[in-house]
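Novice: just a sequence and a predicted model for now, questions to come.
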Amino acid sequence: MPYLVECLASVERQTLDPARLEVIAVDDGSTDGTGEYLEEFAARATMPVTVIRQENSGGPSGPRNVGLAKATGRYVFFLDADDRLGPEALARMVAMADKNNTDVVLGKVEGINRTPPRSMWGRTLERTDVFSSNIKFTLSAQKLFRRAFLEQHDMRFDESLWTGEDALFTMEAYLRADGVSVVADYPCYYLVGREDGKHVTRSGSYTLRFDSARALMNLIADMVPAGPRRDTLMVRPFLVTLLPQFGPKFLKDSDEVRRNKLELAKPLVDAHWNPEIARRLRVHERLRLHLVAVQRPDLLLDVVEFVRAKKQAGAVLEKRGTRVYLAYPHFRSRTAGVPDWIYLAEPREARAVEGYREDAANTFLRRALRKLRRSLPAREVKAVAA
C-alpha cells in the first residue's frame, strides 16, 4: 500500500475479457492493510479473485510458488504489487503466444522513477531465443509464461535465494522454452520506483548478490555446453550481478568487506571467467573483472576511482590504426603486469576513436587466417574448409 491500489486498478483496466482472467493475490504477512484491501477488491472485481493470506516468508519466491500452484489458466503472469500493467498488456501478450505457440512472452517495460532495461525492445519479435536476442538482460519474473510448460518442467522459484530468484527462474525458462516472443511496440509493464526505496532488489547484504551470481552461473554451466553460446550467456551474471560489487561502492567499503568480496568472487571467476567472456565486455569492465580474477585490490581501486570520476582513457592506436588500446590505469605497467589484450578495444568500442580503421582491421584478421590455413597440412585445411 498505496502502490497496490494502482496495481490492481491496472488489472481492472485490462482489455482482455475478465472471464478469461483470474487473479491470485498472495498477502505475504503484510502489516499495512494490504490483506484487507485485497479482500475488498475480491468482493467487487469482475474477474475471479483468490486471496491467500500467510505468514511472511521473507522473499518473493514463496508467495509466487503458492500462487503458481493455485493457477488454472493457460498462461501465468507474475505482477509485483508496486508495479502496474498497460491496459492492453495481457491481451497483446496472450495473442502473441497463441499466434506463435511460444512458451514465454516479454512485454515492453517502461519505468516510473526507475530505469528499466532497454536493449531488448528494439523491435517486436514473434519468435526468438536467448542466444539470438538481448533478452538475457531482462531476467525479472514479469513475463507471460505458458503454464503447461512450467508444469512440464516442474519449474518453481528457488526459495533459498533472497535475491536473484527471478533471474534463475527466467533464464531456465528461456533455455527450456520452445520459442520466446517479444512485444516491443506497446508498453506492457510499468516498473514503479518506490519513494521509500524499499525494493527487495535494493536491500539485503552484499553476500546475497554473490549467492545470486553463483546460482545463475551454475545454471548456465549445467544447461549449456562449454563454448560460444555459454560464453554469451555468462556475460549477464558477470556484468549485471558481479561487476557492480566492484563499482563505486567498493571505494567506500572497509578493507574487511573488500577482502570478503574478493574471496566470494574468486571461486566464481576461477570456474567461469575466460577470455571469450572478457572480450564481450567493454575495456573498463573487462579490466575490473580481470583484477578481481587475479586478486589485485590495489590495482582495482585505482581503476574504480578512474571510472567513478568519469575520466576518459587515452587511446593508443597501433598496427596502422587497426588496433586501439584504451589506456586505463596500469596500461603497460611492468609492475602491474596486466596483459595488453585486456586493454584492447573491440570494434564496437574502437569505432568511437578517431583514426581507427575497422575495414583494415578486418582485412588484417582475414590475412592472418589465410596465413594460418596455408601453414596447416592439406588434410587439416580441408577440415577447416568443411
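Specialist: The structure has been received and is ready for your questions. This is a predicted model, so every value here is computed, not measured.
Novice: all the strands of the stretch 251-386 of the chain, residue numbers only.
Specialist: Assigned by DSSP state E, counting those that start in this stretch, the strands in the stretch 251-386 of the chain fall at 314-318, 323-327.
Novice: what helices and strands are in contact with the last one?
Specialist: So the one you mean is strand 323-327. strand 314-318, helix 347-350 (3 or more C-beta pairs under 8 Å, 6 or more residues apart in numbering; DSSP states H and E). From N, CA and C alone the C-beta is placed, and that goes for glycine too.
Novice: ok, which of these comes nearest Thr232?
Specialist: The closest of the helices and strands packed on strand 323-327 to Thr232 is helix 347-350. By C-beta to C-beta, the value is 14.6 Å.
Novice: dump the helices and strands packed on strand 323-327 to JSON lines, plus mean neighbour count, mean pLDDT and distance to Thr170.
Specialist: What follows is the helices and strands packed on strand 323-327, written out as JSON lines (neighbours: other C-beta atoms under 10 Å; pLDDT from 0 to 100; distance: least, C-beta to C-beta, whole Å):
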{"stretch": "strand 314-318", "mean neighbour count": "14", "mean pLDDT": "97", "distance to Thr170": "38"}
{"stretch": "helix 347-350", "mean neighbour count": "15", "mean pLDDT": "95", "distance to Thr170": "26"}
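Novice: of all these, which one is nearest Ile277?
Specialist: Checking those against Ile277 by C-beta to C-beta gives helix 347-350 as the closest, at 15.5 Å.
Novice: which helices and strands does the closest one pack with?
Specialist: Helix 347-350 packs on strand 323-327, helix 358-375, going by 3+ C-beta pairs under 8 Å, 6+ apart.
Novice: who touches that helix?
Specialist: 282-283, 324, 326, 356, 358, 361 (C-beta atoms under 8 Å, 6 or more residues apart in numbering).
Novice: neighbours of the closest residue to Gly314 other than its chain neighbours, how many?
Specialist: Ranked by C-beta to C-beta, 6 or more residues apart in numbering and with sequence neighbours excluded, the top spatial neighbour of Gly314 is Ala327, at 4.3 Å. By the criterion of other C-beta atoms under 10 Å, Ala327 has 14 neighbours.
Novice: stretch 158-177: how far from the chain's middle?
Specialist: 11 Å (C-alpha atoms, centre = their mean, to the nearest Å).
Novice: mind checking how far the residue nearest to the spatial centre of the chain is from Thr124?
Specialist: Centroid-nearest residue in the chain, with C-alpha atoms, centre = their mean: Phe137, separated by 3.4 Å. Separation of Phe137 from Thr124 (C-beta to C-beta, to the nearest Å): 17 Å.
Novice: for Ala271, same thing?
Specialist: From Ala271 to Thr124 the distance is 37 Å (C-beta to C-beta).
Novice: what's the strand or helix carrying Val11 in contact with?
Specialist: For Val11, the host element (DSSP states H and E) is helix 3-12. With contacts defined as C-beta under 8 Å, 6+ apart, helix 3-12 is touched by 21, 23, 34, 37-38, 41, 45-47, 79-87, 190, 192, 194.
Novice: okay, and Arg230 sits in which element?
Specialist: Applying DSSP H and E, one finds Arg230 within helix 228-236.
Novice: what's the mean pLDDT across that helix?
Specialist: Mean pLDDT, helix 228-236: 97.
Novice: the longest strand that the chain contains: partners in the sheet, and parallel or antiparallel?
Specialist: In the chain, ranked by residue count with DSSP state E as the criterion, the top strand is strand 180-192. Using DSSP bridges, strand 180-192 pairs in its sheet with strand 84-85 (antiparallel), strand 104-112 (parallel), strand 125-128 (antiparallel).
Novice: buried set for stretch 34-43?
Specialist: Residues of stretch 34-43 classed as buried: 34-35, 37-38, 41-42 (neighbour count, 16 or more other C-beta atoms under 10 Å).
Novice: my bad, stretch 303-320
Specialist: 303-304, 306-307, 313, 315-317.
Novice: any idea how far Glu36 lies from Ala9?
Specialist: Taking C-beta to C-beta, one finds Glu36 at 17 Å from Ala9.
Novice: likewise for Leu191?
Specialist: Remark: distance between Leu191 and Ala9 (C-beta to C-beta) = 17 Å.
Novice: more crowded one of the two?
Specialist: The neighbour count for Leu191 versus Ala9, taken as other C-beta under 10 Å, is higher for Leu191 (20 against 12).
Novice: how about the nearest residue to Tyr343, chain neighbours excluded?
Specialist: The nearest residue in space to Tyr343 (C-beta to C-beta, 6+ apart) is Tyr325, at 4.6 Å.
Novice: who does the helix holding Arg230 touch, helix- and strand-wise?
Specialist: helix 207-223, helix 275-278.
Novice: how about the helices of the stretch 1-150 of the chain, start to end?
Specialist: 3-12, 34-44, 61-70, 89-100, 147-152 (DSSP state H, counting those that start in this stretch).
Novice: out of the ones you listed, the one nearest Gly247 is which?
Specialist: The nearest among the helices of the stretch 1-150 of the chain, by C-beta to C-beta, is helix 61-70 at 26.6 Å.
Novice: if you count neighbours, what's buried in that closest one?
Specialist: Counting neighbours by 16+ other C-beta under 10 Å, helix 61-70 gives 61-65, 67-68 as buried.
Novice: repeat that for stretch 244-255.
Specialist: 245-246, 250, 253.
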